[in-house]
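*Asks:* no sequence on this one, just coordinates:
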């Protein structure tokens, strides 16, 4: 498959499908049984998939808003993941 075709297909992948393909690539690279040229191609595809997944997550985070009740009714508050509030990854 040509690089442009791969890019077009990756743009249409769902987050779940992209993650599944990324996991497959990681497995192949960790196994170490692929020729160097193939490993480089897989690595490049994996990086593009990683960027795609990151982009999709950022889009979702921007869309998610939490409604909180206040004295004046409902207010919109931007979504903040729990680990951002605490400043750690736990």
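*Replies:* Looks like it arrived, so ask away. Computed from a predicted model, the values in this text were never measured in an experiment.
*Asks:* Looking at the chain, which helix is longest?
*Replies:* Scanning the chain for the helix with the most residues, using DSSP state H, yields helix 36-63.
*Asks:* If you count neighbours, what's buried in that helix?
*Replies:* Buried residues in helix 36-63, defined by neighbour count with 16 or more other C-beta atoms under 10 Å: 42, 45-46, 48-49, 52-53, 56. For the C-beta atoms, the positions are set from N, CA and C on the backbone; glycine is no exception.
*Asks:* Start and end of stretch 24-40, how far apart?
*Replies:* One end of stretch 24-40 to the other measures 15 Å (C-alpha to C-alpha, to the nearest Å).
*Asks:* picking up where we left off before, can you tell me which of the buried residues of helix 36-63 is closest to residue 21?
*Replies:* residue 49 (5.9 Å; C-beta to C-beta).
*Asks:* which residue sits closest to the closest one, ignoring its sequence neighbours?
*Replies:* Spatial nearest neighbour of residue 49, chain neighbours left out: residue 22 (4.4 Å); criterion: C-beta to C-beta, 6 or more residues apart in numbering.
*Asks:* same question, residue 57
*Replies:* Of all residues not flanking residue 57 in the chain, residue 15 sits nearest, at 7.4 Å (C-beta to C-beta, 6+ apart).
*Asks:* about what we covered before: from the buried residues of helix 36-63, which two are the most distant?
*Replies:* Pairwise distances across the buried residues of helix 36-63 (C-beta to C-beta) peak at 20.7 Å, for the pair 42 and 56.
*Asks:* which helices and strands does the longest helix of the chain pack with?
*Replies:* With contacts defined as 3 or more C-beta pairs under 8 Å, 6 or more residues apart in numbering; DSSP states H and E, helix 36-63 has these neighbours: helix 3-12, helix 15-31.
*Asks:* which helices and strands sit right next to the last one?
*Replies:* Okay, so that is helix 15-31. helix 36-63.
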